[in-house]
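Novice: below are the sequence and a predicted model for it; my questions follow.
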Amino acid sequence: VQLVESGGGMVQPGGSLRLSCVVSDFRFSRYDMSWVRQAPGKGPEWVSSIDTDGGRTYYAESVKGRFTISRDNAKNTLYLQMNNLKPEDTALYYCARDGRPSLVVVRPDYWGQGTQVTVSS
């Protein structure tokens, strides 16, 4: 199982980034997927989940209205569009092979290697 995140970087508050996660070695279209983030010195935080066909999406209150999760099953790729970024969004962002918030935060073996997002002026 391989999950490879990309798209992170440094942006100013109010800026946008789009994260991508390309997966291989498992049937992507059969799995609900999630994004998890971990800020320095803090535990993992569930951010968002999406069902297998993208018809249902779920968000943490802290990102609702600013982040959008999506997927392209033909490309085996998961996305996270992040708008109106805030300094508190600074973290390492991971995609995860499961859609259950309580599970993905305790299963780092379900994550990729992560991509760093830094929001600072």
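Specialist: Done, it's in. Numbers count the residues shown, from 1 in each chain.

Novice: can you pull the contacts of the residue with the largest distance to the centre of the chain?
Specialist: Relative to the centre of the chain, the most outlying C-alpha is that of S121, 22.9 Å out, by C-alpha atoms, centre = their mean. The contact partners of S121, by C-beta atoms under 8 Å, 6 or more residues apart in numbering, come to 12-13. Every residue, glycine included, has its C-beta placed from N, CA and C.

Novice: go on, P40?
Specialist: Going by C-beta under 8 Å, 6+ apart, P40 touches 90-91.

Novice: got a pLDDT number for the residue farthest from the centre of the chain?
Specialist: At S121, the pLDDT value in this model is 94.

Novice: please apply the same query to D25.
Specialist: At D25, pLDDT is 84.

Novice: hmm, it is touching V1, no?
Specialist: Yes: counting by C-beta atoms under 8 Å, V1 is a contact partner of D25 at 5.1 Å.

Novice: extract the CA atoms of the longest strand that the chain contains and return them as CSV.
Specialist: If you go by DSSP state E, the chain has its longest strand at strand 17-24. C-alpha atoms of strand 17-24 as CSV (Å, rounded to 0.1, in the frame of the first residue of the first chain):
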residue,chain,number,x,y,z
LEU,A,17,-3.4,25.3,-1.4
ARG,A,18,-4.5,22.1,-3.0
LEU,A,19,-3.2,18.9,-1.6
SER,A,20,-3.1,15.7,-3.7
CYS,A,21,-2.6,12.0,-2.6
VAL,A,22,-1.8,9.4,-5.2
VAL,A,23,-2.4,5.9,-4.1
SER,A,24,-1.3,2.5,-5.4
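
Novice: buried residues in it, which are they?
Specialist: By neighbour count on 16 or more other C-beta atoms under 10 Å, the buried set for strand 17-24 is 17, 19-23.

Novice: can you pull out the helices in this structure?
Specialist: Per DSSP state H, the chain carries helices over the ranges 101-104.

Novice: many thanks, I have nothing further to ask.
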